[in-house]
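Student: Got a predicted structure here, sequence first:
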Amino acid sequence: MQYFYCILASVIDDELDRIFKALGDPARRRIIDRLRERPDQSLFEICAHFFAENGMTLSRQAVTQHLDVLQRAGLVSVEWSGRTKLHSLDPGLLREAVDLWLRHHL
Amino acid sequence: MRIYVTSVLVDDQAKALDFSTRVLGFTMKNDVPVGEHRWLTVVSPEDPGGTELLHEPGAHPAVPPYKTALVEDGIPATSFKVANLDSEHERLRSLGFSFTQKPMDAGPVRMAVLDDTSGNLIQLVQLNAD
């Protein structure tokens, strides 16, 4: 039983690591902000938002990498519209991260 | 030096010409047989002597993976300027055409991205300064 809880704790820690690492970058937090305002965005649209907000200019390759990190953390989900990949925020895991750990300190 | 022609790679030239003329309102300028394909260009009626859009056949083996990858990421093959983006968006949607990106403000422009049904995405742009 002890062993089971150790495994469970390490699984949860892995998940929390991925989520908080994903949040630990201003560009990825901006992507989350934009996707909350407007779901179903292509890579091109996400890049256009960065371009429009003069403060940040990122290459498409950089945005692709940020989206990969967010997707691996489970914070961003992908759906296909025809042959185009659209990204949306999936706040479920973010809430879970709050419930599993952050809430105890609030 | 001048840019007199620019091109999009199309799946089917006849279908693409129909879309360019009947849907987008461009005028056919050149239609010259080239083997099994055509040198097929259109111009904007607002600028008949201006840059021609060439409907280049997409038969080369490198074309399908290239177009697929661009469409997957929502990246337009080219960009056309319109006077009123929102009314163009509404008009094209009511005709049954789809957009991968609804009109949005991006700094000095308002833009949307249209599926041209020939395997490309086309950016439509309204310049706020106009």
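Tutor: Received the coordinates, thanks.
Student: Is B:Val43 bridged to anything, and to what?
Tutor: B:Val43 forms beta bridges with B:Thr27, as assigned by DSSP bridges.
Student: can I assume it is in contact with B:Asn30?
Tutor: No. In this structure B:Val43 lies outside contact range of B:Asn30 using CB atoms under 8 Å: 9.3 Å. For every residue, glycine as well, the C-beta is placed using N, CA and C.
Student: Next, show the common contact partners of these two.
Tutor: B:Glu52 (CB atoms under 8 Å, 6 or more residues apart in numbering or on different chains).
Student: neighbour count winner among those two?
Tutor: Higher neighbour count among B:Val43 and B:Asn30: B:Val43, with 19 against 13, using other CB atoms under 10 Å in any protein chain shown.
Student: Now do the same contact list for that one.
Tutor: B:Phe26, B:Thr27, B:Lys29, B:Gly49, B:Gly50, B:Thr51, B:Glu52, B:Leu53.
Student: Now with 6 Å, please.
Tutor: By CB atoms under 6 Å, 6 or more residues apart in numbering or on different chains, the contact list for B:Val43 reads B:Thr27, B:Lys29, B:Glu52.
Student: Next, A:Ile31: secondary structure please.
Tutor: With DSSP: H, G, I helix; E, B strand; the rest coil as the basis, A:Ile31 sits in helix.
Student: ok, how many other residues are close to B:Ile75?
Tutor: Other residues within reach of B:Ile75 by the criterion other CB under 10 Å amount to 19.
Student: How about the closest residue to chain A within chain B: what's its closest non-neighbour residue?
Tutor: Closest residue of chain B to chain A, CB to the nearest CB: B:Gly74 (2.5 Å). Spatial nearest neighbour of B:Gly74, chain neighbours left out: A:Ser42 (2.5 Å); criterion: CB to CB, 6 or more residues apart in numbering or on different chains.
Student: and the residue of chain B closest to chain A, that's in a strand?
Tutor: No. Applying three-state DSSP, one finds B:Gly74 to be coil, outside a strand.
Student: Dihedrals phi and psi, it?
Tutor: phi 70, psi 20 (degrees, to the nearest 10).
Student: From A:Val63, how far off is it?
Tutor: 11 Å (CB to CB, to the nearest Å).
Student: In terms of neighbours, single out the busier of the two.
Tutor: B:Gly74 (25 against 20).
Student: I figured that one was touching A:Arg83, is that so?
Tutor: No. Checked against CB atoms under 6 Å, the pair B:Gly74 and A:Arg83 is beyond contact range at 9.9 Å.
Student: If we ignore the residues flanking it in sequence, what's nearest residue 64?
Tutor: In the absence of a named chain, this looks at chain A. A:Thr64 sits nearest to A:Leu43 (CB to CB, 6+ apart), 6.3 Å away.
Student: wait, I meant chain B there
Tutor: B:Gly58 (7.1 Å).
Student: Let me know whether that neighbour touches B:Leu9 as I believe.
Tutor: Yes. With contact defined as CB under 6 Å, B:Gly58 counts as touching B:Leu9 (4.1 Å).
Student: Most proximal residue of chain A with respect to chain B?
Tutor: A:Ser42 (2.5 Å).
Student: How about the contacts made by that residue?
Tutor: Contacts of A:Ser42 by CB under 6 Å, 6+ apart are A:Thr84, A:Leu86, B:Gly74, B:Thr100.
Student: List just the nearest of those to A:Ala52.
Tutor: Set against A:Ala52, the nearest of the contacts of A:Ser42 by CB to CB is B:Gly74 (15.4 Å).
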